[in-house]
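[1] heads up, no residue letters with this:
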């Protein structure tokens, strides 16, 4: 029995009823969003926010739950996007949803391969393996024209667009519901996964791998599982980023800055929580817009534009440092969403314990 | 005011009053995706200064374009195509009552990323001396404008210049010409054209890639020393150009045998290379210098009045600044063409496309706007979205760029079949039926 | 054969430039256990400050002095505002904090001093020297000499001075050092300053070669494989690692690159580092206490 059940049983009934109503209202709001928000909000903010959340979720399984640091999130997204493109081009009979699943599996297999070094090394040393993936795939997908079908601009796009078993999704609403559906499905999957034996194994390895080995957690298998599952989700997020958000993509869409962005999402949102990915993604999607708006409103025309842009960059950096100092468990805790009895845990236990 | 009346009258005769009377009060919205931050900020900073200075000059000195003021706004992208897509989504519906007549992508990767979105939204993408070369064919790509000088033209003009240096095209036979390129879609864009040119003139075509960012190039230049090419066509961007020039010097390859392309030929490339860049030449659809008429006007009206966006006045007339001026002028002249046809009010994307497809800037007009020598004569049609296809050649003397030639045309007869074939393949893959502009009504 | 030797020597010399960047990492890692991602940004910041000052007409000597003063101030600020509040946090948290720091340093440096590329002339001509058939770059030779001199100075600092010995104490056992009354915060400030100085030297050499501009900060990505190969805690390792990466890249691009279409330097160093990881996880000169599964 999971903690959630225990907690729910202990709560008074009317509170549960209230929660159900609130939940239903939230669900209705999410479903009706395209009819409430403008096309700009759907296309430029909500859809990328959902996809970034999914990518953050994928990385969080690996880094937040299993404790394996990765700077290669972009690489696995890239693999997913290029695999989807190849499948849609070369296996035209495969419907899009299945193509996405197969692409996710390809990305998962690649993630597994680059996760093999994790069975021998950890910490910083693992950064090298994931960075190697990052640079290698940037080179591979640009170097060999087969991957982008010889297109002179080296970009990939789905010539037949998005469809779901015959349903045309090539409009803002279609893209929104496709993204929403996939993100919801994978979030539920992750939710169950982290509460299963697999998830508990991951957390055991993260918190103390020697002890985990002693109590019989299959360390190698669990680590590789984490790499595979995380890359599977990242791969699907990459395909959505390329085809549901951008429309077309190149290796630059999944460069090192993308990997950092995904990492920032889970740091800011909260490592080792499902909702952290959503909060972090909301933060990194909205902060630049808010800063943009604020600066144009406050300083419009009076301060040099180059200086303004650099100040924005510096502010972003300051906020990251501030979060790490003030709230290492991220927005998730700051907003009081974490269980009160959860206590403060040390993610990435160091040789010097917190006191 | 007089101009406004004329414009209104024109609008009246052409469109019999479809434009609301108050529409001229609305400014034309022009979003500018910029990169003042990140790896390419050194070119960006000057580029936006040029664009902003010219738009400001049009607004404040000429009272707008046919009376319509320009409302320009910057958005930082760090040259990331993804962030440019986001900017595009933010602005495509227009602002303050003004629709979007066109969208400057300010970068080839961003143009690639937006190609299909913009076609669906019917918003012209403007990417002078860049973009996807096949989009020169406006029948397949109505909403993409690689104005001035496509990547194929860049290759062809470069080879034509080398031919003029060696004493004619027949002397190219047996020469070795190596292309050192930034290993990206941008760097490779000229390859098909060079291949065709090598076939036609019989020179040996050597292609040498430099991995991004390109700050260590010894292996590449050692390879060049081994193969001993006669000329080098340098198609790098950002720091890889500086390092290429410096490494060429170290390996004893003479700078006066290196021809840079458009994006490898600015002060940001030559000044840091120091002595290694002396004698280096580059294709210049955007020549550097302050000796053009427009610079006199801008100096008097903008710079001397402290209204310039330039941080360092020494860089007035730098190649990147002039890129901004020329691009801004192309936009202004296209809008003018549109306002004369549709009436002096903000244009939407489809009207913007019409305006660009009917943009003609002849020598007389170049004199009037003060761009003689800085901009080549332009004539864009629905079949030809490039409209120019020539460049001058400038050489670096250690202090400044010195113009060596007048406009050298690319070999369009040779290139057009290549472009046509590429466009047809694209049309087939994407199920596009090429339009027939002759049958269109306006 | 001469081609091979030339490629090898050229690669080794280029590798000393990587070593210079890697040394800055090693210093900070030894003293504070931080993998300092912002080293590249600090390098850019130092070089940009120097060039901006000389452009304003400040003589080179004065510019160096002012730059050093600024680096000291920066090190103190980083220690007080970033390291101290993050004391006893995990290495991963510290690493991510330095990622944030790199944004701050880059934003501030370019915002204040502009993002134009600046030329930097150290008065060293980059002309070829020929030994028979073999060509060697004069600039690379001098850069290698500078790296060597720097290593000598740093080892003197570590082995012969009181501060150096305290530094080593902190690196070996932080708690023991604390209990002996060593002011660890001051040690951190000193180490970050020294790392900044190493960054200044590296930044000036790299800047002379490619102009002082944003992409200087990207050399940090080349330093990571160097550290993996050489070990995070050894200056000698940083030198040897740099040489291996430099030579390996150069030989690979020349002899393997053509079969793969070229342009493989972007990932080759990482592949090399991965191979080393499997053979010697602690790096060639690293301490044996590496976390292994």
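    Everything's here; your move. Just so it is clear, the model here is predicted, and its values are computed rather than measured.
[2] dump the residue contacts of the closest residue to residue B:94 other than its chain neighbours.
    Spatial nearest neighbour of residue B:94, chain neighbours left out: residue B:100 (5.0 Å); criterion: CB to CB, 6 or more residues apart in numbering or on different chains. Bear in mind the C-beta positions are built from the backbone N, C-alpha and C, glycine included. By CB atoms under 8 Å, 6 or more residues apart in numbering or on different chains, residue B:100 lies in contact with B:29, B:31, B:91-94, B:123, B:348-349, B:352.
[3] what's the closest non-adjacent residue to the closest residue to chain C within chain B?
    Among the residues of chain B, residue B:272 lies nearest to chain C; the distance is 2.5 Å by CB to the nearest CB. Nearest residue to residue B:272, sequence neighbours excluded (CB to CB, 6+ apart): residue C:211, at 2.5 Å.
[4] pLDDT at that neighbour, what is it?
    You'll see residue C:211 listed with a pLDDT of 86.
[5] can you show me the helices along the stretch 51-200 of chain C?
    Ranges of helices in the stretch 51-200 of chain C, per DSSP state H, counting those that start in this stretch, are C:60-78, C:91-113, C:138-160, C:162-172, C:174-179, C:184-210.
[6] near chain A, which residues of the stretch 51-200 of chain C? Just list them.
    Residues of the stretch 51-200 of chain C lying close to chain A by CB under 8 Å from any CB of the partner chain are C:81-82, C:85-86, C:88-93, C:95-97, C:99-108, C:110-112, C:114-115, C:174.
[7] just the buried residues out of these, in ChimeraX syntax.
    To isolate in ChimeraX the members of those that are buried, counting by 16 or more other CB atoms under 10 Å in any protein chain shown, one can use:
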select /C:81,82,86,89,90,91,92,93,95,96,97,99,100,101,102,103,104,105,106,107,108,110,111,114,115,174
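[8] and the longest helix out of those in chain C, how far out from the chain middle?
    The longest helix of chain C (DSSP state H) is helix C:2-32. Relative to its chain's centre, helix C:2-32 lies at 9 Å (CA atoms, centre = their mean, to the nearest Å).
[9] what do you get for stretch B:122-137?
    Worked out by CA atoms, centre = their mean, stretch B:122-137 lies 10 Å from the chain centre.
[10] now do the same end-to-end measure for that stretch.
    Using CA to CA, to the nearest Å, one end of stretch B:122-137 lies 16 Å from the other.
[11] what's the neighbour count on the residue in the stretch 151-293 of chain C positioned nearest to chain B?
    At 2.5 Å from chain B, residue C:211 is the closest residue in the stretch 151-293 of chain C, using CB to the nearest CB. By other CB atoms under 10 Å in any protein chain shown, 29 other residues sit near residue C:211.
[12] likewise the one 10 residues further on?
    As a burial measure, residue C:221 scores 19 neighbours (other CB under 10 Å).
[13] that one is in what secondary structure piece?
    helix C:220-230 (DSSP states H and E).
[14] which is the next helix or strand following that helix?
    Counting by DSSP H and E, what follows helix C:220-230 is helix C:235-251.
[15] buried stuff in that next one?
    For helix C:235-251, the neighbour count (16+ other CB under 10 Å) marks C:235, C:237-251 as buried.
[16] check whether it comes near chain A.
    No - using CB under 8 Å from any CB, helix C:235-251 stays clear of chain A, with a minimum separation of 12.1 Å.
[17] what packs against that helix?
    Packing contacts for helix C:235-251, counted by 3 or more CB pairs under 8 Å, 6 or more residues apart in numbering or on different chains; DSSP states H and E, involve helix B:218-227, helix C:2-32, helix C:138-160, helix C:220-230, helix C:265-279.
[18] go again using 7 Å as the cut-off
    The elements that helix C:235-251 packs onto, with contact taken as 3 or more CB pairs under 7 Å, 6 or more residues apart in numbering or on different chains; DSSP states H and E, are helix C:2-32, helix C:138-160, helix C:220-230, helix C:265-279.
[19] chain C contacts on chain B?
    Neighbours of chain C within chain B, by CB under 7 Å from any CB of the partner chain: B:36-39, B:41-42, B:45, B:183, B:208-213, B:215-216, B:218-219, B:222-223, B:226, B:238-239, B:242-243, B:246, B:249-252, B:268, B:271-272, B:274, B:311.
[20] and the stretch 201-350 of chain A, which residues reach chain B?
    Counting by CB under 7 Å from any CB, the residues of the stretch 201-350 of chain A close to chain B are A:246-248, A:250, A:252-253, A:304-306, A:309-310, A:313.
[21] need the three-state assignment for residue B:391.
    Counting by DSSP: H, G, I helix; E, B strand; the rest coil, the backbone at residue B:391 sits in strand.
[22] let me know the pLDDT of it.
    At residue B:391, pLDDT is 94.
[23] who does it bridge with?
    When assigned by DSSP bridges, residue B:391 has beta-bridge partners residue B:408.
[24] again with residue B:73
    Beta-bridge partners, per DSSP bridges, of residue B:73: residue B:31.
[25] isn't it up against residue B:31?
    Yes - between residue B:73 and residue B:31 there is a contact under CB atoms under 7 Å: 5.5 Å.
[26] the two: which has the busier surroundings?
    When neighbours are counted by other CB under 10 Å, residue B:31 comes out ahead of the other of residue B:73 and residue B:31, with 21 against 14.
[27] residues in contact with that one?
    By CB atoms under 7 Å, 6 or more residues apart in numbering or on different chains, the residues touching residue B:31 are B:73, B:75, B:87, B:91, B:103.
[28] among those residues, which lie within helices?
    Here DSSP H is the test, and the contacts of residue B:31 give B:87, B:91 as lying in helices.
[29] can you pull out the low-pLDDT segments for the stretch 1-150 of chain C?
    C:1 (pLDDT under 70).
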